[in-house]
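>>> I'd like to go over a predicted model; first the sequence, then the structure.
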Amino acid sequence: GAGVSQSPSNKVTEKGKDVELRCDPISGHTALYWYRQSLGQGLEFLIYFQGNSAPDKSGLPSDRFSAERTGGSVSTLTIQRTQQEDSAVYLCASSFGLAGADLYEQYFGPGTRLTVT
Amino acid sequence: AQSVAQPEDQVNVAEGNPLTVKCTYSVSGNPYLFWYVQYPNRGLQFLLKYITGDNLVKGSYGFEAEFNKSQTSFHLKKPSALVSDSALYFCAVRDPYSGGYQKVTFGTGTKLQVIP
């Protein structure tokens, strides 16, 4: 079946511009996660959506970052006034489980490589 | 608070030799533990998980991991390494008793290099 998809696969933007990154989770998955992976670094948690509950935004690095999840499916991560330090691969993942989501493994998309010049 | 540590940035092993990628964790209760692999220029893939039951967990591609509660470890192992196993490996932990949102914490990753 279809996996998690992300678009665009690559994005080059000028410093100060806004960008939107899109994630289409696996159908039926209620949990959706955004992570950031910088070169040579591990995964940095950004935000977590679970069903209709309020998202866990505790990982967002600044107020320039925001995310939405419409209709419990597609999610968009928006970075306003991009800075060079925002350059990274942004990964989206989804998983089963409205209750007990942590029992289930996450399925990751291929990521969006963001380069801020 | 939950945390996970991967003490080795890189592990080198000769093809055909056994491999171990180390992971230790810190939680207040019994953990849920996961291993993921990231092949070059590809997304992360799930390898295996420990939720409860047998301490030895078998996963994809011949990998296995042993949950050791006394040592708070969940090391990834494979009896005979393949060059194609060369990748970045992430350990992840979730403390199901910590309450709050159900997110896992990932380690910083260990690069495995299998030498022909």
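Yep, that arrived.
>>> who does the residue nearest the centre of chain A bridge with?
What sits nearest the mean C-alpha location of chain A, by CA atoms, centre = their mean, is residue A:34, with 2.9 Å. Legend: beta-bridge partners of residue A:34 under DSSP bridges are residue A:47, residue A:92.
>>> Now do it against chain B, distance only.
Counting by CB to the nearest CB, to the nearest Å, the gap from residue A:34 to chain B is 11 Å. All C-beta spots, glycine's among them, are computed from the backbone N, C-alpha and C.
>>> I figured that residue hits residue A:55, correct?
No: look at residue A:34 against residue A:55 with CB atoms under 8 Å: they stay out of range, at 9.6 Å.
>>> Name the residues contacting each of these two.
Overlap between the neighbourhoods of residue A:34 and residue A:55 consists of A:47, A:48, A:67, taking contacts as CB atoms under 8 Å, 6 or more residues apart in numbering or on different chains.
>>> From the contact counts, what lies against the worst-scoring helix or strand of chain A on mean pLDDT?
Every helix and strand of chain A was ranked by mean pLDDT, DSSP states H and E. The lowest is strand A:43-50, at a mean of 89. For strand A:43-50, the packing partners by 3 or more CB pairs under 8 Å, 6 or more residues apart in numbering or on different chains; DSSP states H and E come out as strand A:31-37, strand A:65-69, strand A:75-79, strand B:105-106.
>>> switch to 7 Å and redo it
Using 3 or more CB pairs under 7 Å, 6 or more residues apart in numbering or on different chains; DSSP states H and E as the contact criterion, the elements in contact with strand A:43-50 are strand A:31-37, strand A:65-69.
>>> before we move on, back to that, who are the contact partners of the residue nearest to the centre of chain A?
By CB atoms under 7 Å, 6 or more residues apart in numbering or on different chains, residue A:34 lies in contact with A:46, A:47, A:67, A:77, A:90, A:92.
>>> about what we covered before: I'd like the shared contacts of residue A:34 and residue A:55 as JSON lines, with neighbour count appended.
Below are these laid out as JSON lines (neighbours: other CB atoms under 10 Å in any protein chain shown):
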{"residue": "A:47", "neighbour count": "22"}
{"residue": "A:48", "neighbour count": "23"}
{"residue": "A:67", "neighbour count": "22"}
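>>> what's the closest of the residues you listed to chain B?
Proximity to chain B was ranked across the shared contacts of residue A:34 and residue A:55 by CB to the nearest CB; first place goes to residue A:48, at 4.8 Å.
>>> which stretches of the chain have low pLDDT?
Defaulting to chain A. For chain A, applying pLDDT under 70 flags the ranges A:1, A:40, A:97-103.
>>> nope, chain B
For chain B, applying pLDDT under 70 flags the ranges B:97-102.
>>> that older thread, distance to residue A:20 for the contacts of residue A:34 - can I get that in CSV?
Output for those, formatted as CSV (distance: CB to CB, whole Å):
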residue, distance to residue A:20
A:46, 14
A:47, 14
A:67, 10
A:77, 7
A:90, 11
A:92, 13
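>>> mind listing the strands for chain B?
Assigned by DSSP state E, the strands in chain B fall at B:3-5, B:10-14, B:19-21, B:24-26, B:32-38, B:44-50, B:56-58, B:64-68, B:73-78, B:87-94, B:105-106, B:110-115.
>>> Output those strands as CSV; include the columns distance to residue A:9 and mean neighbour count.
Compiled in CSV, the strands of chain B are given as follows (distance: least, CB to CB, whole Å; neighbours: other CB atoms under 10 Å in any protein chain shown):
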stretch, distance to residue A:9, mean neighbour count
strand B:3-5, 29, 17
strand B:10-14, 27, 14
strand B:19-21, 28, 20
strand B:24-26, 33, 18
strand B:32-38, 16, 24
strand B:44-50, 16, 21
strand B:56-58, 33, 14
strand B:64-68, 31, 18
strand B:73-78, 29, 20
strand B:87-94, 19, 24
strand B:105-106, 22, 20
strand B:110-115, 23, 17
